[in-house]
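Undergrad: Model the following, please.
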Amino acid sequence: MVALKKLRSLLAISFFLIFLLISLPAKAKDNANRNDLSPYEEAEFLIDECERLYLSNIDTLKPLALNSLRLLEFPLQEGDDANFRVGVLARTYNVLGFYHDRKGNIKQSLDYYLLGIKAAERISDLTRLEELYNNVASVYLDIGAYDNSFSYYSKSLLISIQLNDLENTANMLDNMSFIFQAQRDLDKALFYREKALEIRKDLPAKAGISRSYNNIGLVYQLRGEFNIARELYRKSLLVNQQSGDLAAIAINYDNIGSVFSAENQHDSAIVYYNQNLSLSKDLGIVKNIVGANISLSKAYRKKGNYQEALKHAAEAYQSANEINNPNLLMHACNELSVIHENLGNYQKALDFVRIGNELNETHQKSIFERKILLKEELLEFSISRRMERIKMEREIAQNKSESQRKLMLYLSISFLTLLIILFLLYWLRQKQKLTASQLELSSLKEKRLEEELATKQRKLTSISVRVTQNNQYLEKVNSIIKDLDQDELNSELNNKLHDLKRQIKESTRIDEDWINFQRQFDGVHTEFSKELMEKFPQLTANEVKLCRLMKLNMNSAEIAILLNVSSNTLRSSRYRIHKKMNLEKGTKLQDFLLKMG
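TA: This next block holds a predicted model:
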């Protein structure tokens, strides 16, 4: 009944939206106050401005592109070119995708690029599709989705060959080589890049040659041939400085710095990394800012300057966190954990290791979800195209009026909306069933484990109490024997009492209950003894026994009774263990043991 009510509500909302779609165009037509330029021409002007400002002022792209989208929402007027509007729309989505890509917002970038592809495919704009396919492939490469990346690069390459676009053909070969580089197939990566360089040498533009030098240098650097790599990077830098390509220059600085770092020439590496950082900040490229800070952190750390390394690693972490980029955050966390470990801040190091692991799990899950999302979007797009084709065939066959064609479009949209609603309801119901089943199974497992642990803990406590009581009783008997007047006893009785005292002392040290205690202790704290012996094999058996009792959070008085030793002897034993474990001054032995296992 609840699902049926939800369905009825959703249907009512859908029909209301359809009514608004029918009524709004007429109102917009009456209220639109058009200037000399049509809204679509104004939108084109804004996108022209965006493409002019691509690299020089990236922060201005978003407001200009969003304003272009607003203008493109105006309904078609008499004399307007529908294909012109769709072409400007594709360019607008491309600009928004580029903006979010540079800001590190991966999901938003993919969403806008795919919308641009849909628009460009509607009007068969091959030039725009060539660019959009390349951009989508680049995003997938960044997140490690190599199959999707290769697929989109291949689509772009085929269009480049079809258009006889030699420059972009070289670009696609270069871009595809990065997939092989990421998969450590350096021979194939070098083959693609050398083919790209051969094409670019016959072209008038020098920027492509700079890119080829840079990318071939990367392969030689990965091979360990640093002199060749550095020479190629400097050739690339010289070409970029002549052309004024600031973004490419920043990449050159980072690559030259990485070669010096690989050769342990950290001072030279730091000079180039700082140049990369300064230029990336001027350009507002957040991903490059994070990368430059991480590179600087590593260089300072290798020099032993941990405070400077910590400063840059923290800045990288903050920048990556601001753009919510899990991949960059993982790298920053890894660097921070290593620095804190070197500084002796083991808890902070452990915290960043934990954060990094959580980010890695989230990152892998996010990649999987994005793949599912892409499949759903492509399916929706395929359905939409089929519906539009059916609509056009009916319009041609029946030759109906404009109002009838509009009605068919709105009916198609409502039908598609209904399908999506039904699918979502079904998917939500299945997800709820699966979640409930998983929670129930998890609860049962957790309850069983808690019961087993409680049982073992009770046995361990019982043995501890029994050993304590036994030792207390024997100590009491031993005290009574000491109080006897030795002078009044004959020699034979005196000797027997001496033997009895010795047996009592041995009984308090060697007892079958200790064996049971150890067995139960290892059942509760399964990894403690193993970890203790692996890390500190120099501990004696009695010291291991003392560590186990301290792991139970027993106080010194209780431990002294169990071990039948004085408080001074116990204090000395604790000091020896602290020294053997090489613990820092101020670190409490019992706190350290409680955290183990």
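
Undergrad: For burial, what's the neighbour tally of Ile294?
TA: 24 (other CB atoms under 10 Å). Every residue, glycine included, has its C-beta placed from N, CA and C.

Undergrad: Oh, that last question was meant for Arg571, not what I typed.
TA: 13.

Undergrad: give me phi/psi at it?
TA: Main-chain dihedrals, Arg571, degrees, to the nearest 10: phi -60, psi -40.

Undergrad: cool, and the one 3 residues further on?
TA: Note on Arg574: backbone dihedrals following degrees, to the nearest 10 are phi -60, psi -40.

Undergrad: my guess is it meets Leu549, correct?
TA: No - with contact defined as CB atoms under 8 Å, Arg574 does not count as touching Leu549 (10.9 Å).

Undergrad: contacting residues around the nearest residue to Asn240 once chain neighbours are set aside?
TA: Spatial nearest neighbour of Asn240, excluding adjacent residues (CB to CB, 6 or more residues apart in numbering): Ala248 at 4.4 Å. By CB atoms under 8 Å, 6 or more residues apart in numbering, the contact set of Ala248 is 207, 210-211, 214, 236, 240.

Undergrad: which element is Ala248 on?
TA: Using DSSP states H and E, Ala248 falls within helix 246-262.

Undergrad: Could you identify the helix or strand that succeeds that helix?
TA: Downstream of helix 246-262, the first helix or strand assigned by DSSP H and E is helix 266-283.

Undergrad: Let me see the residues that make contact with the following helix or strand past that next one.
TA: For helix 266-283, the following helix or strand on the C-terminal side (DSSP H and E) is helix 286-303. For helix 286-303, contacts defined as CB under 8 Å, 6+ apart pick out 102-104, 250-251, 254, 257-258, 261, 264, 266-267, 269-270, 273-274, 276-277, 280-281, 306, 308-310, 312-313, 315-316, 319-320, 322-323, 325, 328, 331-332, 335, 338-339, 342.

Undergrad: Using PDB, list the CA coordinates for helix 286-303.
TA: Output in PDB follows, covering the C-alpha atoms of helix 286-303 (Å, rounded to 0.1, in the frame of the first residue of the first chain):
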ATOM      1  CA  VAL A 286      44.600  22.800  -7.700                       C
ATOM      2  CA  LYS A 287      45.700  19.300  -8.700                       C
ATOM      3  CA  ASN A 288      49.100  20.700  -9.700                       C
ATOM      4  CA  ILE A 289      49.300  22.600  -6.400                       C
ATOM      5  CA  VAL A 290      48.700  19.400  -4.500                       C
ATOM      6  CA  GLY A 291      51.300  17.500  -6.600                       C
ATOM      7  CA  ALA A 292      53.900  20.200  -6.200                       C
ATOM      8  CA  ASN A 293      53.500  20.300  -2.400                       C
ATOM      9  CA  ILE A 294      53.800  16.500  -2.100                       C
ATOM     10  CA  SER A 295      56.900  16.500  -4.300                       C
ATOM     11  CA  LEU A 296      58.500  19.300  -2.100                       C
ATOM     12  CA  SER A 297      57.500  17.400   1.100                       C
ATOM     13  CA  LYS A 298      59.300  14.200  -0.200                       C
ATOM     14  CA  ALA A 299      62.400  16.200  -1.200                       C
ATOM     15  CA  TYR A 300      62.700  17.900   2.200                       C
ATOM     16  CA  ARG A 301      62.000  14.700   4.000                       C
ATOM     17  CA  LYS A 302      64.800  12.900   2.100                       C
ATOM     18  CA  LYS A 303      67.100  15.800   3.200                       C
END
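
Undergrad: helices or strands up against the next helix or strand after it?
TA: Sequence-wise, the next helix or strand downstream of helix 286-303 (DSSP H and E) is helix 306-322. Here helix 306-322 touches helix 286-303, helix 326-342, going by 3 or more CB pairs under 8 Å, 6 or more residues apart in numbering; DSSP states H and E.

Undergrad: Go through those and pick out the most buried.
TA: Among the helices and strands packed on helix 306-322, the stretch with the highest mean neighbour count (mean count of other CB atoms under 10 Å) is helix 286-303, at a mean of 23.

Undergrad: Measure how that helix sits relative to helix 306-322, angle-wise.
TA: 160 degrees (axes from the mean of the first three to the mean of the last three CA atoms, to 10 degrees).

Undergrad: what's the nearest residue to Gln242 once chain neighbours are set aside in contact with, if anything?
TA: Leaving out its chain neighbours, the residue that sits closest to Gln242 by CB to CB, 6+ apart is Lys206, at 7.2 Å. By CB under 8 Å, 6+ apart, Lys206 lies in contact with 239, 242-243.

Undergrad: want to try JSON lines for the helices and strands packed on helix 306-322, with distance to Ser556 and mean pLDDT as columns?
TA: Shown next, in JSON lines, are those (distance: least, CB to CB, whole Å; pLDDT from 0 to 100):
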{"stretch": "helix 286-303", "distance to Ser556": "42", "mean pLDDT": "92"}
{"stretch": "helix 326-342", "distance to Ser556": "32", "mean pLDDT": "89"}
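
Undergrad: and of these, who's closest to Gly523?
TA: Minimum separation from Gly523 across the helices and strands packed on helix 306-322 (CB to CB) falls at helix 326-342, 32.8 Å.

Undergrad: CA atoms only for the closest one - export them in PDB, please.
TA: Extracted C-alpha coordinates of helix 326-342, given in PDB (Å, rounded to 0.1, in the frame of the first residue of the first chain):
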ATOM      1  CA  PRO A 326      40.200  11.000  -2.700                       C
ATOM      2  CA  ASN A 327      43.200  10.100  -4.900                       C
ATOM      3  CA  LEU A 328      45.200  13.200  -4.000                       C
ATOM      4  CA  LEU A 329      44.100  12.900  -0.300                       C
ATOM      5  CA  MET A 330      45.500   9.400  -0.200                       C
ATOM      6  CA  HIS A 331      48.900  10.600  -1.500                       C
ATOM      7  CA  ALA A 332      48.900  13.400   1.100                       C
ATOM      8  CA  CYS A 333      48.000  11.100   3.900                       C
ATOM      9  CA  ASN A 334      50.700   8.600   3.000                       C
ATOM     10  CA  GLU A 335      53.300  11.400   3.000                       C
ATOM     11  CA  LEU A 336      52.000  12.800   6.400                       C
ATOM     12  CA  SER A 337      52.200   9.300   8.000                       C
ATOM     13  CA  VAL A 338      55.800   8.800   6.900                       C
ATOM     14  CA  ILE A 339      56.800  12.300   8.200                       C
ATOM     15  CA  HIS A 340      55.100  11.800  11.600                       C
ATOM     16  CA  GLU A 341      56.700   8.300  11.900                       C
ATOM     17  CA  ASN A 342      60.200   9.900  11.400                       C
END
